[in-house]
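> Sequence unavailable; structure follows:
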């Protein structure tokens with residue numbers, strides 16, 4: 001794999017996805033973190049990466065407990081964040097994390 005593909009990563013943080021704790025780069029969007037975890041399915045999944053398709057929509061809870069529905073391609077990952085719900089397309093790509 002090309003090590004420059006995902007960019008430089010200064011630190012990994014814990015992101016909770018469907019009851020599974022995952023280490024992801026702190027410097028990036030949620031969709032980029034999903035790609036870090038599952039490179040092939042996310043890269044080949046037909047996501048637009050620019051908020052046009054809405055296939056990367058997720059419901060998150062941030063560290064302060066507030067829930068909101070966001071686009072993962074437009075939302076920066078943050079410590080203490082939990083992904084509660086996602087589109088069927090994302091769930092398929094991350095299926096081994098969302099049992």
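Noted; the coordinates are in hand. What you see is a predicted model, and the numbers here were worked out from it, not measured in a lab.
> Mind giving me the packing neighbours of the longest helix seen in the chain?
When the chain is parsed with DSSP state H, its longest helix is helix 30-37. Judged by 3 or more CB pairs under 8 Å, 6 or more residues apart in numbering; DSSP states H and E, the packing partners of helix 30-37 are strand 12-17, strand 20-25, helix 39-43. For the C-beta atoms, the positions are set from N, CA and C on the backbone; glycine is no exception.
> And the contacts of that helix?
Here helix 30-37 makes contact (CB atoms under 8 Å, 6 or more residues apart in numbering) with 6, 15, 17, 22, 24-25, 28, 42-43, 47, 49, 56, 58, 60, 70, 72-73, 75-77, 81, 83, 90, 93-94, 97.
> Strands - which of those residues land there?
Members of those lying in strands (criterion: DSSP state E): 15, 17, 22, 24-25, 58, 60, 70, 83.
> show me where pLDDT drops low in the chain?
Residue ranges of the chain with pLDDT under 70: 1-9, 99.
> Residue 13 - nearest residue in space that isn't next to it in sequence?
Among residues not flanking residue 13 along the chain, residue 26 sits closest, at 4.5 Å (CB to CB, 6 or more residues apart in numbering).
> List the contacts of that neighbour.
Residue 26 is in contact with 9-13, 77, 79, counting by CB under 8 Å, 6+ apart.
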